[in-house]
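> I'll drop the sequence and a predicted model, then ask my questions.
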Amino acid sequence: MNNKSIIVCTGAPRSGVKALATCLQVLGFPTGNHIQPDPETIDRLLLQDLGQPAGSLPYDWMASEAYSRAKGRIGNFISQTGTLPDKPLQVNLNALTLPLWLDTFKKHEITVKLIHILRHPYEVALSLQSNQNMDLHQAHILWLSHIRETLRALNELDYSSVTFDQLLADPVSTLNTVFGSSLTSVLRSLTSDLLDLVQPDLKNHHASNLSDADKEKFKPYAKLYDQLRATQYASSALNSYNQRIKSIGSSEIDLIDSLLNVISMLEGSRHYHHCSLPVANFHLYATITFPTTSKNGENGVVMKTIPLIENQWQEISLPVPNPELLTSNNITIHPLNTHGFIKVSNINLVNKVTEKAIWEANKVKDFDQVNITGSAIRLNSSAGLTVLVTGNDPTITLPVFNQTWDVSSELHVCLKVSTQQDELTNFLPLSSIRDKPELAA
C-alpha cells in the first residue's frame, strides 16, 4: 500500500475498535489525529448536525447540508495527510457514516483496507449499560442497527472481519490473517509488544455474565452473531450485502419475534405498575417546554402537558410565551411518556397575525434540523419524522433560530403515537428485508 492508502477500522459501539486501532499503531501505522478536525471529530460533528441519531441516520441524509459540510471536512483532512510518513493511514469510523467516507475516498483515488470487528451482542449491551446507563433492550437494538448498516456500507467490497475475542486471545495471528504475508516479519518482531498490550483480561464484560433469563430473551441476537462469525472467512463472493443477508436469513424471524417480545414485555410492565389505578388515570401525554423570563428578569421555562389519543393524528397548537428568546434558547418536545412509536408530519412556528409560517419542518430533510435525544431512536422514514421510543424521556429539540422576531406566535405540531407492538414491523428494516429480499440491495 502506498501513501494514498487508508486502513479503516469499524464496528458497533464498545466492540473493540479502539483496541484494534491501538494494535495497528504498534505496527507503525499513523493515525493522523494531529490533523484537526480528525475523523472521529468529523463523525461526531456530522451526527450532532443530524440530531445525534443512535441507530440510523435520517432519511435522505446524504442530500443534507450536514452531509456537504462533513464531506468538506473529510476533503480537508485528506489534503493534509500528505505530511504523514509513507505508510497507510489508520482511521476509526462510525458504521453509520461509512458511505460518506468510502465515497469520498473513492473520488480521491485512495486505496482502502477495511477491517470490521465483531463483538458478542451480550457483551456490547452490558458495556453500554455500564458505561452509558443504556437499557439492555435498546443496547441490543443499537448493536443490530450498526451491524446492518456496516454490512450495507461494505456491500460488494473486500474487507476483513475479526472478532474482539480473537484479537484479545491472539493478536499476532489475528492481524497476520488480516494483512497476510506483507506484515509477517513485522508481527514477529513486535510479538511481545502486542501480547503485553492486548490480553484477554482486558475484557470487563463477558457473555457468561448475562442471566439465563436475559440470555434466552436476547438469544436471536447471539444466533445472528454466531452466523456472522461462521461467514467470517467466507470467500469474497459472500461479502455482498445480499449474500450476507441470505446467509443469516434464518435468524430474521426469530429476531423480529424477539423485538416484538421486548415491546410486549414493556407494555406488560407498564400495565402491571398501573393495575392498581383506575384505567382512566393512566393516559398518554406529550410535554412541550418553552423558554421564558420571570417578572424579575430571570430565565425560566413554561411546561405544557397535552393528552394524547393513541393511533390518531393530533394537531397541537400552543402560544409561544416569549418568541424573542428563541434566538438563544430551544423549544423541547417530549412527545410520549412511555415506550412506543411516534410519527410527526410537521412542526411549525406560525405568526398568529399573518398565519404564515416563520419556521417549518414538513419534509423529511427538514427534520434534520431537530435533535433527537434521550430514550429515542430516529428511524428511516419516507415522510416526516419517525421515532422509536425505548424509555420515558424521548426528546425532540428544535434549533436555535438566527431570525429575531417579537410577534405573537404559535407552535403547531401534528403527530400520531402508538404503543402497540404490531407497529414495530412497519418500521424495522429487517422485516421488509424478510418479506422483500430485493429491498436489501
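On my side now, so go ahead.

> any low-confidence regions in the chain?
1-3, 52-55, 59, 82-86, 232-283, 294-297, 404, 421-441 (pLDDT under 70).

> Can you give the domain ranges for it?
5-247, 280-425 (automatic domain parsing).

> Rebuild those as a markdown table, extending it with mean neighbour count.
All C-beta atoms are positioned from the backbone trio N, CA, C, and that covers glycine. Output for the domains of the chain, formatted as a markdown table (neighbours: other Cβ atoms under 10 Å):
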| stretch | mean neighbour count |
| --- | --- |
| domain 5-247 | 18 |
| domain 280-425 | 17 |
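
> So Phe367 sits against Ala383, correct?
No: here Phe367 does not reach Ala383: they are 10.2 Å apart, not a contact under Cβ atoms under 8 Å.

> Select the longest strand from this structure.
strand 340-351 (DSSP state E).

> Could you point out the helix or strand that follows it?
strand 357-361 (DSSP states H and E).

> Dump the C-alpha coordinates for that next one into PDB.
Taking C-alpha atoms only, strand 357-361 is exported to PDB below (Å, rounded to 0.1, in the frame of the first residue of the first chain):
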ATOM      1  CA  ALA A 357     -45.000  30.000   9.000                       C
ATOM      2  CA  ILE A 358     -42.000  31.600  10.500                       C
ATOM      3  CA  TRP A 359     -40.200  28.300  10.600                       C
ATOM      4  CA  GLU A 360     -41.400  24.900   9.500                       C
ATOM      5  CA  ALA A 361     -40.400  21.200   9.300                       C
END
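
> Need the contact partners of the helix or strand just after it.
Counting by DSSP H and E, the next helix or strand C-terminal to strand 357-361 is strand 371-373. With contact meaning Cβ atoms under 8 Å, 6 or more residues apart in numbering, strand 371-373 is reached by 51-53, 378, 387, 394-397, 399.

> Narrow those to those in strands?
378, 387, 395-397.

> if we can go back for a sec, among the contacts of strand 371-373, find me the one that's closest to Asn351.
When these are ranked by distance to Asn351 (Cβ to Cβ), Pro399 comes first, at 18.0 Å.

> dump the residue contacts of that closest one.
330, 369-371.

> ok so, going back, starting from the longest strand of the chain, tell me which strands it pairs with and how they run.
strand 357-361 (antiparallel), strand 385-389 (antiparallel), strand 409-418 (antiparallel) (DSSP bridges).

> Include distance to His137 when you put the contacts of Pro399 into a markdown table, please.
Output for the contacts of Pro399, formatted as a markdown table (distance: Cβ to Cβ, whole Å):
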| residue | distance to His137 |
| --- | --- |
| Asn330 | 28 |
| Gln369 | 29 |
| Val370 | 24 |
| Asn371 | 22 |
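
> of these, closest to Asp38?
Asn371 (23.0 Å).

> mind checking how far that closest one is from Leu284?
23 Å (Cβ to Cβ, to the nearest Å).

> next one: Leu144
Distance from Leu144 to Leu284, by Cβ to Cβ: 27 Å.

> repeat for Leu308
Applying Cβ to Cβ to Leu308 and Leu284 gives a distance of 4 Å.

> A strand includes Ile306, no?
Yes: assessed with DSSP: H, G, I helix; E, B strand; the rest coil, Ile306 lies in a strand.

> That one is in contact with Ile316, isn't it?
Yes: if you go by Cβ under 8 Å, Ile306 and Ile316 touch, sitting 5.4 Å apart.

> so what's in contact with those two at the same time?
Joint contacts of Ile306 and Ile316 (Cβ under 8 Å, 6+ apart) are 286, 288.

> all helices for the stretch 1-150 of the chain, in order.
17-26, 39-49, 65-80, 98-107, 121-132, 136-153 (DSSP state H, counting those that start in this stretch).

> Could I get the contacting residues of Ala361?
346-348, 367, 369-370, 385.

> 10 Å instead, please
344-349, 367-370, 384-385, 396, 398-399, 413 (Cβ atoms under 10 Å, 6 or more residues apart in numbering).

> again, but for Ala66
By Cβ under 10 Å, 6+ apart, the contact set of Ala66 is 45-51, 57-58, 365, 368-369.

> quick one: which two of those are the most distant?
Leu45 and Lys365 (18.3 Å).

> Thanks again, I'm all set now.
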